[in-house]
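In: only geometry, no sequence info:
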Ligand code: SF4
């Protein structure tokens, strides 16, 4: 072993910092990470990476890693053996199940753990507790995009590959900032725009980097993207710029949609979204003239009260203009976490079994019932938000949560704090003692991606293998092993000795994965799900849309005005990512290479507002919403305009984290919090 530690080991891994799915070799010696080496064989990124993928890995050796299970005794965490912790978890969960039924337990899975680990968590819920109360963090970001796509085209993934985006004549980005959130994908768009004449339209309140590069940048009023999208669609249809032939062959409900569109005139759109008629016409003309349009969207769309319907309006526009079923066209929801796509694919959702087989589908359920040897509830379970409500009402007694910092990422964090304290029994599995873990009765130390084998699925539906580069730290274990230990203590008889066996079981039950296995995925190979025969497919819907008649459907959804706040809350606060940080910052805050570059948190204030309210650069301000308050330094920048504020979301501190301002306001269809619809008032506390 000593010999081996002196040698440099090179291991293929998949980046964990965003949904682009870059792969590279990580060079290690013992536990030391020497460097990250990209290679031409990487299907998504070849020799590119961004700052996070290159320098973001110190966290795996952080002294703050959990290395032993913790049990709360007399209000304090005490280190314990695995046996003691797992026995306690199993016995408490079993007794709660016995007393209150399986539906009194909730399961929250993670988009940071592997596909296999997600699969076993939903299996634990469905097999050992006979409950569909299982969800993942897509509820906080991408569920509305998935919903909008399922209603229109029948599947929830990106229509083509990331490479295909470069082939589009026009890219429209709505409510996203890929230059910081999905850097390597953004590089492809930048290159196509600069070198190959690709047109770029960006709809975002903030003048982010992509907006600066765009041909047309619009800043629609908060929560009105659906209005301008529908107005552009109507204008194009009225002028005969739609693709009638494509619609005749491929799409249902066109006449009904035209009726819905009736009121979405340019005047109506201008009044509600603030985008001028001329600009709307220019957008319509640009779509008309483009050879292929891809629409990319992110949380500026999906974290709103009308998020699902806006996602459907995006897909409707693409259907009306024949922009599906070919490379360089189609819908591209930008998945945030590296495995948010995979977590959903694996069925850690209250409505879907693995492979997008609906829990209400009797045939699909029967297949899982046979495999799991239990009855599976034919009704959807509770989502994250509903679980919190059920805890508040006393209906949910226990929760098993893996790799999710709910107390920080859920909206209205003050309320979440209260609710989590009300659980009878709470198990948190993570690599750090997260804010959420502070509420746990038992904390189980999982392992980060570099310490395990498995697969991740990126935003373009590409499944890729990661190989174990480092031994697990201390007594921590791969997350699938921990879940298996819990299941077996509850009477299951799982015998997985490697994630490949879990993958095989999943694939045998999921038609869209039927031709995927670890051999197909060996090395730099990958697999893109989405074809009807279960083979790999870069392009979705080649053999028709995912409905029985193979035809897509226009979703008939009207726009509804966004949530109204009392007038005293006069400033809109937006939030989003920073290039250097991973989401709420739990991991990147512990990476010295990153933290030294951007240590501070701030709120962006426009020069106009700063002048009017006498805010100085670096001065302290207090922001108050109906749900909480935070204190921050002001950063005066023209990236924001007028009464718009912007707060990066990577704070873990109660005094500065965005979710101490956001409230219990949700997307109407999926319960995704409308984080982007938050209004505050500002008090100036001190000059710089
Ligand atoms: Fe990692 Fe995303 Fe950066 Fe690629 S673009 S290196 S996947 S964070």
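Out: It's in. Predicted model, so just to flag it, every value in this text is computed and none were measured.
In: drop to CA atoms for contacts and neighbour counts, all remaining ones
Out: Noted.
In: So which residues on the stretch 401-550 of the chain come close to the ligand?
Out: Taking C-alpha under 6 Å from any ligand atom as the criterion, the ligand has no neighbours within the stretch 401-550 of the chain.
In: Any idea which residue of the stretch 401-550 of the chain lies closest to the ligand?
Out: The stretch 401-550 of the chain approaches the ligand most closely through residue 458 (8.5 Å), counting by C-alpha to the nearest ligand atom.
In: Tell me who's in contact with that residue.
Out: 19, 20, 21, 335, 338, 339, 340, 341, 342 (C-alpha atoms under 8 Å, 6 or more residues apart in numbering).
In: same deal with residue 476?
Out: 66, 67, 68, 69, 444, 445, 446, 447 are the contacts of residue 476 under C-alpha under 8 Å, 6+ apart.
In: Please report the distance of it from residue 261.
Out: According to C-alpha to C-alpha, to the nearest Å, residue 476 and residue 261 sit 56 Å apart.
In: do residue 683 as well
Out: 43 Å.
In: Compare the two (neighbour count), which wins?
Out: Using other C-alpha atoms under 10 Å, the more surrounded residue of residue 683 and residue 261 is residue 261, with 21 against 14.
In: Pull the number of nearby residues for residue 319.
Out: As a burial measure, residue 319 scores 28 neighbours (other C-alpha under 10 Å).
In: next one: the one 3 residues further on
Out: Neighbours of residue 322 under the rule other C-alpha under 10 Å: 22.
In: which sections of the protein are below the confidence cut-off?
Out: Applying pLDDT under 70 to the chain picks out residues 1-5, 410, 577-600, 650-652, 688.
In: Secondary structure element holding residue 301?
Out: Secondary structure assignment for residue 301, by DSSP states H and E: helix 299-302.
In: what does residue 34 give?
Out: Using DSSP H and E, residue 34 falls in strand 32-37.
In: and what of residue 188?
Out: According to DSSP H and E, residue 188 maps onto helix 183-195.
In: Flag every buried residue along that helix.
Out: 183, 184, 185, 186, 187, 188, 189, 190, 192, 193 (16 or more other C-alpha atoms under 10 Å).
In: How about the contacts made by the second one?
Out: Pointing back at residue 184 there. Residue 184 neighbours (C-alpha under 8 Å, 6+ apart): 20, 45, 48, 49, 50.
In: and which of those is nearest residue 556?
Out: Using C-alpha to C-alpha, residue 20 is the member of the contacts of residue 184 that lies nearest residue 556, at 31.3 Å.
In: any idea how far residue 331 is from residue 541?
Out: Residue 541 is 12 Å from residue 331, by C-alpha to C-alpha.
In: Sorry, wrong one. I was asking about residue 502.
Out: In terms of C-alpha to C-alpha, residue 502 sits 31 Å off from residue 331.
In: these two touch, right, residue 33 and residue 11?
Out: No - contact criterion C-alpha atoms under 8 Å: residue 33 and residue 11 do not qualify, at 10.9 Å.
In: so what sits against both of these two?
Out: Common neighbours of residue 33 and residue 11, using C-alpha under 8 Å, 6+ apart, are 26, 27.
In: rewinding a little: can you tell me if the helix holding residue 188 touches the ligand.
Out: Yes - judged by C-alpha under 6 Å from any ligand atom, helix 183-195 comes into contact with the ligand at 183, 184.
In: For this protein, what lies in contact range of the ligand?
Out: Proximity of the chain to the ligand, by C-alpha under 6 Å from any ligand atom, involves residues 15, 17-22, 49-50, 52-53, 182-184.
In: What about those residues, which are in helices?
Out: Residues of the residues of the chain next to the ligand located in helices (DSSP state H): 52, 53, 183, 184.
In: Would you mind giving these as CSV with distance to residue 150 added?
Out: Below are those laid out as CSV (distance: C-alpha to C-alpha, whole Å):
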residue, distance to residue 150
52, 32
53, 32
183, 27
184, 27
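In: tally of neighbours for the nearest residue in space to residue 303 that is not next to it in sequence?
Out: Leaving aside its sequence neighbours, residue 303 sits nearest to residue 674 (C-alpha to C-alpha, 6 or more residues apart in numbering; 4.3 Å). Residue 674: 29 surrounding residues under other C-alpha under 10 Å.
In: What about residue 674? Give its phi and psi, please.
Out: Phi and psi for residue 674, reported as degrees, to the nearest 10, are phi -90, psi 60.
In: How about residue 251?
Out: Reported as degrees, to the nearest 10, the phi and psi values for residue 251 are phi -130, psi 140.
In: Let me know whether it touches residue 547 as I believe.
Out: No - in this structure, residue 251 is not within contact of residue 547 by C-alpha under 8 Å, at 10.5 Å.
In: Among those two, which residue is more densely surrounded?
Out: residue 251 (23 against 15).
In: ok now do the more buried one, which residues does it touch?
Out: Contacts for residue 251 (C-alpha under 8 Å, 6+ apart) come out as 319, 551, 552, 553, 554.
In: Mind checking which of these are buried?
Out: Listed as buried from the contacts of residue 251 are 319, 551, 552, 553, 554; burial here means 16+ other C-alpha under 10 Å.
In: List the residues that contact the last one.
Out: Translated: residue 554. 151, 152, 251, 252, 253, 254, 257, 316, 319.
In: what ranges do the helices span in the stretch 401-550 of the chain?
Out: 406-409, 413-420, 479-489, 499-509 (DSSP state H, counting those that start in this stretch).
In: Tabulate those in CSV, adding columns for mean neighbour count.
Out: Converted to CSV, the helices of the stretch 401-550 of the chain look like this (neighbours: other C-alpha atoms under 10 Å):
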stretch, mean neighbour count
helix 406-409, 24
helix 413-420, 19
helix 479-489, 21
helix 499-509, 19
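In: out of those, nearest to residue 622?
Out: So among these, helix 413-420 is nearest, using C-alpha to C-alpha, at 16.9 Å.
In: Give me the three-state assignment for residue 10.
Out: Three-state assignment for residue 10 (DSSP: H, G, I helix; E, B strand; the rest coil): strand.
In: what's the burial count for it?
Out: Residue 10 has 17 nearby residues by other C-alpha under 10 Å.
In: quick one, what contacts it?
Out: 25, 26, 27, 28, 469.
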